[in-house]
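Peer 1: can't give you the sequence, but here's the structure:
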């Protein structure tokens, strides 16, 4: 049994709280941590794409659930997969 980060794009309103809160994203770029988006060749774990959350590099997720707690509408979750 494994845990996987799952995005529910239909619920997301694109606030980006999860992107800023993600400690892996923050470790990659201070711009992402500061809410300024990505630049250069930085590949964030999660990002807002076309107005909604997108899991970009799921293998880098540390499953800490910080993004889940930061989301005000439940658009991102850690779910058990078999």
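Peer 2: Yep, it's here. Worth saying up front: this structure is predicted, and the values here are computed from it rather than measured.

Peer 1: Identify all contacting residues around the helix or strand of the chain with the lowest mean pLDDT.
Peer 2: Across the helices and strands of the chain, mean pLDDT, DSSP states H and E gives its lowest value to helix 30-33, namely a mean of 87. For helix 30-33, contacts defined as CB atoms under 8 Å, 6 or more residues apart in numbering pick out 19, 20, 22, 25, 26, 37, 38, 39, 42, 44. Every C-beta, even on glycine, is put in place using the N, C-alpha and C of the backbone.

Peer 1: Can you report phi and psi for the spatially most central residue of the chain?
Peer 2: Centroid-nearest residue in the chain, with CA atoms, centre = their mean: residue 46, separated by 3.2 Å. Residue 46 adopts backbone torsions of phi -130, psi 150, taken as degrees, to the nearest 10.

Peer 1: Can you give me the buried ones in the least confident helix or strand of the chain?
Peer 2: If you call a residue buried by 16 or more other CB atoms under 10 Å, then helix 30-33 has these buried ones: 32, 33.

Peer 1: Also stretch 21-39?
Peer 2: In stretch 21-39, counting by 16+ other CB under 10 Å, buried: 21, 22, 24, 25, 26, 28, 29, 32, 33, 38.

Peer 1: Using CSV, lay out these together with distance to residue 54.
Peer 2: Listed next are the buried residues of stretch 21-39 as CSV, based on distance: CB to CB, whole Å:
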residue, distance to residue 54
21, 15
22, 13
24, 15
25, 13
26, 18
28, 16
29, 16
32, 14
33, 18
38, 12
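
Peer 1: of all those residues, which comes closest to residue 74?
Peer 2: If you rank these by distance to residue 74 using CB to CB, residue 21 comes first, at 14.4 Å.
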